[in-house]
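A.B. asks: Okay, sequence plus prediction incoming.
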Amino acid sequence: MKDKTDKIELLLPLKAEYVSLARLTASGVANRVGFDIETIEDIKVAISEVCSKLVSVGSNSAENYSIKFIIQGINLRIEFNCEDQSLGCIFKEDEEGLGVSIINALMDDVEFCSSGSYLFSMSIALKGDN
Amino acid sequence: MKDKTDKIELLLPLKAEYVSLARLTASGVANRVGFDIETIEDIKVAISEVCSKLVSVGSNSAENYSIKFIIQGINLRIEFNCEDQSLGCIFKEDEEGLGVSIINALMDDVEFCSSGSYLFSMSIALKGDN
Amino acid sequence: MSSELKVREEQSKGVVTISISGEVDIYTSQGLKEKLYQIADTTQLDIKIDCKELNYIDSTGLGIFVGALKRAKQNDKKIYISNLKESIKKLFIITGLDKVFIMSDDI
Amino acid sequence: MSSELKVREEQSKGVVTISISGEVDIYTSQGLKEKLYQIADTTQLDIKIDCKELNYIDSTGLGIFVGALKRAKQNDKKIYISNLKESIKKLFIITGLDKVFIMSDDI
Ligand SMILES: Nc1ncnc2c1ncn2[C@@H]1O[C@H](COP(=O)(O)OP(=O)(O)O)[C@@H](O)[C@H]1O
Ligand SMILES: Nc1ncnc2c1ncn2[C@@H]1O[C@H](COP(=O)(O)OP(=O)(O)O)[C@@H](O)[C@H]1O
């Protein structure tokens, strides 16, 4: 596993029927990083939670959103963005919903309300037993 | 099958190890359009031929290339692009290589040397028996 | 790869069994919701949701299970969840839903 | 999903059989190339490439088969290709390579 950064980005229509495509691409990325099957399933669920939320919230101005996968050594970071910056925080900070619980439990690190160049980000690293 | 246009875009590092990810994402897109398994295999091969060529040619200035999937009704159009516009025609026009034969045979329509906003494009439509 | 979802309904031994196969996500869940709510609203029997062939579910689907449970309870019926794959059982534990439903692999 | 490739070599009945399983693409092909060329350069037997478990191949892999054939011919040996899946047999037909190799499912 080399330590150079690789970036993969997927742009998808803000439509429910493409959320499964986000999962499929995510499984390929996670497989390439070297995650085991169980962790790949976790990553698929976490990504799907964010995509579902984005698709449900929707946008009046944007048709697409992006998922950026940033592979750095054993670490996979996933950033979500949308041209429609008015979306702001896609999950409420004190939200106790199923989606938020799942994302928090499955990912190592979650940034719910980003002040950066993206709406939402989360990351997960290969563990010792991978 | 609705006739609105949906666009999906995948940005990949110009590296051999990500070509399989292009195939994986392509299989998800083609499945969503409604192609049968045999045609999905064909689309995967055609896309892989273009990716392999781009990766072999390489670039001094660009690190990534993009694959844009444009779904319009029963038609799937696939455009390849790279920030490094000096790449020009990625296949020689009179090339008789295996890759070119395969792409020509599997796709309905191929634009080897584009003057448009992309380097290369090809398309395929659902047939009557799909 | 395909995000297809199939929902089958069957009555025997005093339970109505709903077998779910495929993937439940925001796109496929609508059909499941209609079917499950309609059964939960009207059934005279307890409900068993058989997840043996369920390959994927996320909060959209879990929310539908919770909605069905509320309806079943008003109707004085129980919901049993059975044959969950490990990766899915994990989601029930994370969300505490393993304490809300009757988790059962053997009825 | 995984683009892994496995290459096994076995001798029996006067042929050396190379069994390829997985996906041959620009990333995985290097190992196949080394193994196949080395065998084609040195074998005293004809070569059978068994593709029963080959799920994917593109021009990178086909080019390696052609390269191996050139080497085998200099060595006065033949290459048989067997058990191709339909989607892969199609690529041999498209490229005319079905006339260049001995296509055989039964040796
Ligand atoms: N651990 C739990 N126990 C019981 N009910 C729960 C639990 N977690 C969530 N719920 C209920 O599940 C339903 C769906 O949850 P959630 O996804 O948070 O809501 P929403 O879909 O409105 O965002 C809500 O009715 C919520 O009250
Ligand atoms: N139909 C064919 N019959 C015999 N040899 C072929 C055929 N098509 C291609 N080849 C040979 O296969 C090898 C690889 O083909 P190709 O992919 O076109 O070359 P390259 O890898 O140099 O671009 C070349 O040596 C070429 O001559």
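C.D. replies: Yep, it's here. Ligands and ions are numbered 1, 2, ... in the order given.

A.B. asks: So, low pLDDT: which residues of chain A?
C.D. replies: When the per-residue scores of chain A are filtered using pLDDT under 70, the ranges that remain are A:1-3, A:93-94, A:129-130.

A.B. asks: Show me where chain C has its helices.
C.D. replies: For chain C, applying DSSP state H gives helices covering C:29-42, C:59-74, C:86-95.

A.B. asks: Go through the first one and flag the buried ones.
C.D. replies: Think helix C:29-42. Residues of helix C:29-42 classed as buried by neighbour count (16 or more other CB atoms under 10 Å in any protein chain shown): C:29, C:32-33, C:35-37, C:39-40. Backbone N, C-alpha and C define where each C-beta goes, glycine included.

A.B. asks: Please apply the same query to the shortest one.
C.D. replies: For helix C:86-95, a neighbour-count test (16+ other CB under 10 Å) marks C:87-88, C:90-92, C:94-95 as buried.

A.B. asks: Repeat that for the longest one.
C.D. replies: Buried positions in helix C:59-74, judged by neighbour count with 16+ other CB under 10 Å: C:59-66, C:68-69, C:71-72.

A.B. asks: Now residue C:29. Nearest residue, chain neighbours left out?
C.D. replies: Leaving aside its sequence neighbours, residue C:29 sits nearest to residue C:60 (CB to CB, 6 or more residues apart in numbering or on different chains; 4.8 Å).

A.B. asks: so what's that neighbour up against?
C.D. replies: Going by CB atoms under 8 Å, 6 or more residues apart in numbering or on different chains, residue C:60 touches A:52, C:24-26, C:29.

A.B. asks: What parts of chain A come near ligand 1?
C.D. replies: Taking CB under 6 Å from any ligand atom as the measure of proximity, chain A contacts ligand 1 at A:97-99.

A.B. asks: Include distance to residue D:14 when you put the helices of chain C into JSON lines, please.
C.D. replies: Supplementary listing: the helices of chain C in JSON lines, determined by distance: least, CB to CB, whole Å:
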{"stretch": "helix C:29-42", "distance to residue D:14": "59"}
{"stretch": "helix C:59-74", "distance to residue D:14": "58"}
{"stretch": "helix C:86-95", "distance to residue D:14": "49"}
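
A.B. asks: how close does residue A:75 get to residue A:35?
C.D. replies: If you measure residue A:75 against residue A:35 using CB to CB, to the nearest Å, the figure is 11 Å.

A.B. asks: what is in contact with these two at once?
C.D. replies: With contacts defined as CB under 8 Å, 6+ apart, the residues shared by residue A:75 and residue A:35 are A:124, A:126.

A.B. asks: out of these two, which sits in the more crowded spot?
C.D. replies: Legend: neighbour count by other CB atoms under 10 Å in any protein chain shown for residue A:75 and residue A:35, higher for residue A:35 (22 against 16).

A.B. asks: Helix or strand: which one has whatever residue of chain A ends up closest to ligand 2?
C.D. replies: Taking CB to the nearest ligand atom as the measure, chain A has residue A:32 as its residue closest to ligand 2, at 25.3 Å. Secondary-structure assignment from DSSP states H and E places residue A:32 in helix A:19-33.

A.B. asks: where does the nearest residue to residue C:59 once chain neighbours are set aside sit relative to chain B, distance-wise?
C.D. replies: By the measure of CB to CB, 6+ apart, the closest residue to residue C:59 outside its immediate chain neighbours is residue A:98, 3.8 Å from it. Between residue A:98 and chain B the computed distance is 25 Å (CB to the nearest CB, to the nearest Å).

A.B. asks: Can you give me every residue that contacts residue A:98?
C.D. replies: By CB under 8 Å, 6+ apart, residue A:98 lies in contact with C:59, C:62-63, C:95.

A.B. asks: what's the farthest-apart pair in those?
C.D. replies: Taking CB to CB, the two most distant members of these are C:63 and C:95; they sit 9.9 Å apart.

A.B. asks: what lines up beside the one helix or strand residue A:12 maps to in the sheet?
C.D. replies: Under the assignment given by DSSP H and E, the secondary-structure element containing residue A:12 is strand A:5-13. Within its sheet, strand A:5-13 is paired with strand A:64-72 (antiparallel), strand B:5-13 (antiparallel), according to DSSP bridges.

A.B. asks: which residues touch the last one?
C.D. replies: Residues lying outside strand B:5-13 but in contact with it, judged by CB under 8 Å, 6+ apart, are A:6-13, A:15, A:18, A:21, A:25, A:63-64, B:18-19, B:21-22, B:25, B:29, B:51, B:63-72.

A.B. asks: now swap in the first one and tell me
C.D. replies: The set of residues that contact strand A:64-72 without belonging to it, under CB under 8 Å, 6+ apart, is A:3-14, A:22, A:25-26, A:29, A:32-33, A:47, A:51, A:54, A:76-83, A:118, B:7.

A.B. asks: Check these for burial and list the buried ones.
C.D. replies: When neighbours are counted using 16+ other CB under 10 Å, these contain these buried positions: A:6-14, A:22, A:25-26, A:29, A:32-33, A:47, A:51, A:54, A:76-82, A:118, B:7.

A.B. asks: so residue A:22 makes contact with residue A:49?
C.D. replies: No - using CB atoms under 8 Å, residue A:22 makes no contact with residue A:49, being 10.6 Å away.

A.B. asks: Spit out the contact partners of residue A:126.
C.D. replies: By CB under 8 Å, 6+ apart, the contact list for residue A:126 reads A:1, A:33-35, A:74-75.

A.B. asks: same thing but 10 Å
C.D. replies: A:1, A:30, A:33-36, A:39, A:73-76 (CB atoms under 10 Å, 6 or more residues apart in numbering or on different chains).

A.B. asks: Switch those residues over to JSON lines; also include distance to residue C:83 and secondary structure.
C.D. replies: Supplementary listing: these in JSON lines, determined by distance: CB to CB, whole Å; DSSP: H, G, I helix; E, B strand; the rest coil:
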{"residue": "A:1", "distance to residue C:83": "36", "secondary structure": "coil"}
{"residue": "A:30", "distance to residue C:83": "26", "secondary structure": "helix"}
{"residue": "A:33", "distance to residue C:83": "31", "secondary structure": "helix"}
{"residue": "A:34", "distance to residue C:83": "30", "secondary structure": "coil"}
{"residue": "A:35", "distance to residue C:83": "25", "secondary structure": "coil"}
{"residue": "A:36", "distance to residue C:83": "23", "secondary structure": "coil"}
{"residue": "A:39", "distance to residue C:83": "23", "secondary structure": "helix"}
{"residue": "A:73", "distance to residue C:83": "38", "secondary structure": "coil"}
{"residue": "A:74", "distance to residue C:83": "34", "secondary structure": "coil"}
{"residue": "A:75", "distance to residue C:83": "35", "secondary structure": "strand"}
{"residue": "A:76", "distance to residue C:83": "31", "secondary structure": "strand"}
